[in-house]
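Q: Sequence first, then the predicted structure, then my questions.
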Amino acid sequence: MTCPNCGKEYSYGSTCPYCNVDTVLFTGTVRTSDTLYNKALGKIKVSDLSGAVDCLSKSIYINKNNTQARNLLGLIQYEIGHVGEALKNWVISCGLQKEDNPAATYIETIQKNSRALERLNDSIRIYNQALNDIWQKSDDMAIIKLKQAVDLNPKFVDALNLLSFCYLIQKDKSRALSTAERVLAIDVNNTIALSYYNELAPAPRIGGGKSRRKPAAAASEPQNTPVTPYKKVVLHERRNVNFHIEGILALVIGVVITLGVVFVLVLPALDRGQAVQMSDMQERLLQTEEAFEYYLQERDQTITEQQGRINRLEAQVDEWAQMYYAQERTFDILHAFELLRDGRLREAVDALGGVDMEGLPPDIAERANEIRAVAYPQLAQQYFSEGFAAYHARPPDLEKARVDFERAHRYARHLGDNPLRGDVLYYLGWTYSRLDMIEEAIEYFERMIEDFPNHRYTWHAQNRLNAIR
């Protein structure tokens, strides 16, 4: 049987002898987590995002290594505006599954599309400002900001629910109901939106006619007899009409009095009305300028805060990446140390490879140095012995000797002034010399003479160097 946790095979029993895991319970846990994941997929198909989040949260709680559930949970959180939680789940998923993980693509896509990330962060920042406005009982400003947040992210469920709440504060039930219906179109089982909808859903209308009232002017019938203030004058009567001086003087006096009333009462009143109107216009202009200046200040502050948020997010992503990179290097070193304890020197050195020691804990770096200190001398001696045998064989296998001596030199160069390194350089020079590769032979002979002037083969190396130059 194969353990589903560590992957090692064992002969009998329900408990793995290597990792001490109850395989039956472990398998049941994994199946339960997968069942919850499949259930969440079904809820997503019917737009039940709240139910899907609940199933996926339980799925990763049962099996934290279920990267599919974690990735899907991050997608839903990103969809409804919870960008930080989505990035957190995707980064954890990348740490659990390093290869063929779509979460890495999601993170890379967000980093490349900085404009979209900026819009989402703006919506979150404006939403938080709206919360402060509500606490300060400034629901008008909160509505304005929440509309801005929804414009930036139309599926920001939290902002839409808060906007419904603000409409309820202002007793605007129609808009509150419309906003709640908008949330339910995104998430059919959203608890907050359902409570608003059940409270505000109107009863069916009965009837629909409107009573019309006739205007007052139409109530009375028009009169057939025309009414006029003037009297009809005939020719013979006109002859008897006389114009007296008293009438002319009365007319002049009336005109003078009328003009006086106009200059004394009417014109000052008109001037005062124009002054009041001008004052109102100036006040409106001043209010408009102040509102525009406030908008500019808020925009500059928004840009500054958003840039700071982006910088913090980038720093956080870099920190997480460095953390997982250091963890990966630690796993490589521990694996190499296990191979060294099993006597598999070549595999231990290959597993260690070129692991960067910077930033690692001291005990881990010490194990890496211990691997090199133990494995390098033994591997150098082993490859040198194989090359020495091939070099002195009858007939000599110079090509195999060259390969073995090169491998020995790869490990011996870390041994400092160990005489074995001088032997390797000496035989490398002779091997290249016999293969007619003179430049390489000269290089190794010169290095041997320079680094080991008192070596037992130094004199022979100098004679051979003089002969091939």
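A: Looks like it came in fine.

Q: Let me know the distance separating Leu87 from Ser93.
A: Here the criterion is Cβ to Cβ, to the nearest Å. By it, Leu87 lies 11 Å from Ser93. In this view, the C-beta of every residue, glycine as well, is placed from N, C-alpha and C.

Q: neighbour count winner among the two?
A: Legend: neighbour count by other Cβ atoms under 10 Å for Leu87 and Ser93, higher for Ser93 (26 against 23).

Q: on that earlier part again, now do the shared contacts for Leu87 and Ser93.
A: Gly74 (Cβ atoms under 8 Å, 6 or more residues apart in numbering).

Q: Just the pLDDT for the closest residue to Ala104 other than its chain neighbours.
A: Among residues not flanking Ala104 along the chain, Cys94 sits closest, at 5.4 Å (Cβ to Cβ, 6 or more residues apart in numbering). Among the per-residue scores, Cys94 holds a pLDDT of 87.

Q: what do you get for Trp430?
A: At Trp430, pLDDT is 93.

Q: for Leu87, same thing?
A: 86.

Q: before we move on, what about the one 10 residues further on?
A: Gln97 is assigned a predicted lDDT (pLDDT) of 83.

Q: Please name the residues that touch it.
A: By Cβ under 8 Å, 6+ apart, the neighbours of Gln97 are Thr67, Ala103.

Q: Then the one 5 residues further on?
A: Pro102 sits next to Asn71 when contact means Cβ under 8 Å, 6+ apart.

Q: I figured Thr67 hits Leu96, correct?
A: Yes: Thr67 is within contact range of Leu96, at 5.5 Å (criterion: Cβ atoms under 8 Å).

Q: Neighbour count for the two, which is higher?
A: Shown here are Thr67 and Leu96; by other Cβ under 10 Å, Thr67 has more neighbours (22 against 14).

Q: got the CA coordinates for stretch 438-448 in CSV?
A: Extracted in CSV, the C-alpha atoms of stretch 438-448 (Å, rounded to 0.1, in the frame of the first residue of the first chain):
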residue,chain,number,x,y,z
ILE,A,438,48.8,21.4,-25.1
GLU,A,439,47.1,24.6,-24.0
GLU,A,440,45.1,22.8,-21.3
ALA,A,441,48.2,20.8,-20.3
ILE,A,442,50.2,24.0,-19.8
GLU,A,443,47.4,25.6,-17.8
TYR,A,444,47.2,22.7,-15.3
PHE,A,445,51.0,22.3,-15.0
GLU,A,446,51.5,26.0,-14.3
ARG,A,447,48.7,26.0,-11.8
MET,A,448,50.2,23.0,-10.0
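
Q: follow-up on the earlier one: got any residues that touch both of Thr67 and Leu96?
A: By Cβ under 8 Å, 6+ apart, no residue touches both Thr67 and Leu96.

Q: hmm, back to that, didn't the residue nearest to Ala104 look like it was pressed against Ala103?
A: Yes: if you go by Cβ under 8 Å, Cys94 and Ala103 touch, sitting 5.2 Å apart.

Q: give me the number of residues near Lys145?
A: By other Cβ under 10 Å, neighbour count at Lys145 equals 27.

Q: Would you mind stating the distance between it and Phe165?
A: Taken as Cβ to Cβ, the span from Lys145 to Phe165 is 13 Å.

Q: go on, Glu108?
A: From Glu108 to Phe165 the distance is 37 Å (Cβ to Cβ).

Q: who's more crowded, these two?
A: Legend: neighbour count by other Cβ under 10 Å for Glu108 and Phe165, higher for Phe165 (18 against 10).

Q: Could you check how far that one is from Glu366?
A: Separation of Phe165 from Glu366 (Cβ to Cβ) stands at 59 Å.

Q: Tabulate the CA atom coordinates of stretch 181-190 in PDB.
A: Taking Å, rounded to 0.1, in the frame of the first residue of the first chain, the C-alpha atoms of stretch 181-190 are listed here in PDB:
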ATOM      1  CA  GLU A 181     -31.600  43.500  -5.700                       C
ATOM      2  CA  ARG A 182     -28.300  44.400  -7.300                       C
ATOM      3  CA  VAL A 183     -26.400  42.600  -4.600                       C
ATOM      4  CA  LEU A 184     -28.700  39.500  -4.900                       C
ATOM      5  CA  ALA A 185     -28.000  39.500  -8.700                       C
ATOM      6  CA  ILE A 186     -24.300  38.900  -7.700                       C
ATOM      7  CA  ASP A 187     -24.800  36.700  -4.600                       C
ATOM      8  CA  VAL A 188     -28.300  35.200  -4.300                       C
ATOM      9  CA  ASN A 189     -27.900  34.200  -0.700                       C
ATOM     10  CA  ASN A 190     -26.200  37.300   0.700                       C
END
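
Q: Going along the chain, name the helices of the stretch 251-400 of the chain.
A: For the stretch 251-400 of the chain, the helices defined by DSSP state H, counting those that start in this stretch occupy 267-341, 345-352, 362-391, 398-412.

Q: Now find how far off-centre the last one is within its chain.
A: Using Cα atoms, centre = their mean, to the nearest Å, we find the averaged C-alpha position of helix 398-412 to lie 51 Å away from the chain's own average C-alpha position.

Q: in it, what's buried?
A: Leu398, Lys400, Ala401, Arg402, Val403, Asp404, Phe405, Arg407, Ala408, His409, Tyr411, Ala412 (16 or more other Cβ atoms under 10 Å).

Q: Now do the contacts for the closest residue to the fourth one other than its chain neighbours.
A: Distances taken as Cβ to Cβ, 6+ apart place Thr431 nearest to Arg402, at 4.9 Å, with adjacent residues excluded. Residues counted as contacts of Thr431 (Cβ under 8 Å, 6+ apart) are Gly387, Tyr391, Leu398, Ala401, Arg402, Phe405, Ala441.

Q: Assign Thr431 to helix, strand or coil.
A: Following DSSP: H, G, I helix; E, B strand; the rest coil, Thr431 is assigned to helix.

Q: Understood, closing this out.
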